[in-house]
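Visitor: Provided below for reference: sequence and predicted model.
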Amino acid sequence: MPDPFLLNIDVTAAAIDAQGHANNVEYVRWMQDAALAAADALDPGAALMHAAGATWVVRSHHVEYVRPALLGDRLAIRTWLSDFTRVSCVRNYEFTRNGEPAVIARGRTEWVFVDAATGRPKRMPDDVRRRIGADADDAGPAVVR
């Protein structure tokens, strides 16, 4: 497994809701931002996807809110991949305030590898699996949901 990727973000006024903390929808947006930044860091990841004629789509998101993020907070989002199958993987997230060890939120997104033309799940080629850190021996179940 590659080392976790780290993205820092600032909580701006646009993220704050009527309760005075970051709105829950913002966490999903930040998770996507972290996922895209992590994927971009795997250069030439985009070239591999294009060559495979595939893309990633989200099957599900889960967020657990532990403590609120507040206006002006600087957040560190740590993200890594796990739970690989032939056609999917899970991206995990931990949110902390920079400099503090306490986790303020956790998240998981299940991503499915799909054929760009048909939108149907597609087995990840070995070069894509290697690039994202999936062990070739950890192909997971053959079931496509």
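Guide: Arrived safely, thanks for sending. Numbers count the residues shown, from 1 in each chain.

Visitor: is residue 70 in contact with residue 22, as I believe?
Guide: Yes - if you go by C-beta atoms under 8 Å, residue 70 and residue 22 touch, sitting 7.2 Å apart. In this view, the C-beta of every residue, glycine as well, is placed from N, C-alpha and C.

Visitor: the more surrounded of these two?
Guide: Set residue 70 next to residue 22 and count neighbours by other C-beta atoms under 10 Å: residue 22 wins out with 25 against 14.

Visitor: ramachandran coordinates for that one?
Guide: Backbone torsions of residue 22, given as degrees, to the nearest 10, read phi -60, psi 130.

Visitor: related to what we said a few turns ago, shared neighbours, residue 70 and residue 22?
Guide: 11, 16 (C-beta atoms under 8 Å, 6 or more residues apart in numbering).

Visitor: just the strands in the protein please.
Guide: Secondary structure of the chain (DSSP state E): strands located at 5-10, 54-65, 74-82, 88-97, 103-115.

Visitor: of all these, which lies closest to residue 28?
Guide: Nearest of the strands of the chain to residue 28, taken as C-beta to C-beta: strand 54-65 at 5.6 Å.

Visitor: buried stuff in the closest one?
Guide: 54, 56, 63 (16 or more other C-beta atoms under 10 Å).

Visitor: turn the residues you listed into CSV, including pLDDT.
Guide: Below are these laid out as CSV (pLDDT from 0 to 100):
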residue, pLDDT
54, 93
56, 92
63, 98
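
Visitor: was I right to think residue 120 contacts residue 113?
Guide: No - counting by C-beta under 8 Å, residue 120 does not reach residue 113; the two are 10.3 Å apart.

Visitor: what pLDDT does residue 142 get?
Guide: At residue 142, the pLDDT value in this model is 34.

Visitor: please apply the same query to residue 136.
Guide: In this model, residue 136 carries a pLDDT of 45.
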